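Participant: Structure for the following, please:
(one chain, ligands or ions: 1)
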Amino acid sequence: MADKVALAITGASGALYAVRTLAELLGRGVHVELVVSDYGRRLLRDELGEDAAIDKLMPYLASRYGDAVNAGGVTIHSNRDLGATIASGSHRCSAMAIVPCSMKTLAGVAHGLSRNLVERAADVMLKERRRLVIVPRETPMSLPALRNMVLCAEAGAMIVPAMPAFYQQPRSLDDLADFMAGKILSALGFEHDLYPAWTGKVDQ
Ligand SMILES: Cc1cc2nc3c(=O)[nH]c(=O)nc-3n(C[C@H](O)[C@H](O)[C@H](O)COP(=O)(O)O)c2cc1C
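Facilitator: Now for the predicted structure:
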């Protein structure tokens, strides 16, 4: 499907979901337009360690997920650059995921604020009727956050909450991250085998 996909990483817990999703996209030869908010950068380091800092991200991905990640390419944009390619609908970027999505960025997208590149690129997806996948993470959720998810869904985004399942009997954090990355890839329109398809076995 898409040969260019935008991926935003914001300051919610769940950096592992973001790097797993990024590695899967790259492994498919996708060119990823990556934008990471200031708190997204902090959470990459806080949750995955200094080796996952943005300037070391490609070697980190290769060491964690293998050289297959080199099949794709990455352009890293500044979140302050509202003149970046993905800020325009004329740029052929056919889908975007925000993984994980903070409640602050969710609010900005819901209200079309475009205060930074993450919010602007998301707004471009909505106005151009392209796929926008939002992976919110917070608990418990405030009423404004719940309402903001509804606003985004009404505008055409797909809300894919960071809610890994347990019916596939995960044995590790990576198994849980694979489940979420698989859900995100499906929402972006990619096939994958990151978790076993449900077989529909009958419960006697
Ligand atoms: C360690 C840490 C964990 C956080 N986890 C979350 C979270 O899970 N969800 C959330 O909405 N905000 C979380 N925040 C708060 C956001 O990072 C904060 O609201 C920030 O302003 C979001 O900005 P951004 O959307 O531009 O990244 C966390 C902050 C820190 C420092």
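Participant: okay, CA-based contacts and neighbour counts for the rest of this
Facilitator: OK.
Participant: Now the spatially closest residue to Ala62 that is not a sequence neighbour. Its backbone dihedrals?
Facilitator: In space, and not counting its chain neighbours, Ala62 is closest to Val69: 6.1 Å by C-alpha to C-alpha, 6 or more residues apart in numbering. Per-residue torsions, Val69: phi -60, psi -20 (degrees, to the nearest 10).
Participant: Around the ligand, pick out the residues from the chain.
Facilitator: 10-13, 37-40, 102-105, 137-138 (C-alpha under 6 Å from any ligand atom).
Participant: Secondary structure element for the residue positioned nearest the centre of the chain, which one?
Facilitator: Central residue of the chain (C-alpha atoms, centre = their mean): Val99, 2.8 Å from the mean position. Taking DSSP states H and E as the criterion, Val99 maps to strand 95-101.
Participant: what comes into contact with whichever helix or strand comes after that strand?
Facilitator: The first helix or strand that comes after strand 95-101 along the chain, using DSSP H and E, is helix 103-110. Residues from elsewhere that reach helix 103-110, judged by C-alpha atoms under 8 Å, 6 or more residues apart in numbering: 10, 12, 114-115, 118-120, 122-123, 134, 136-138, 145, 148-149, 151-152.
Participant: now stretch 56-75
Facilitator: Against stretch 56-75 from outside (C-alpha under 8 Å, 6+ apart): 19, 23-34, 51-52.
Participant: Who are the packing partners of the longest helix along the chain?
Facilitator: Assignment by DSSP state H gives helix 173-188 as the longest helix of the chain. In terms of contacts (3 or more C-alpha pairs under 8 Å, 6 or more residues apart in numbering; DSSP states H and E), helix 173-188 is packed against helix 15-27, strand 95-101, strand 131-136.
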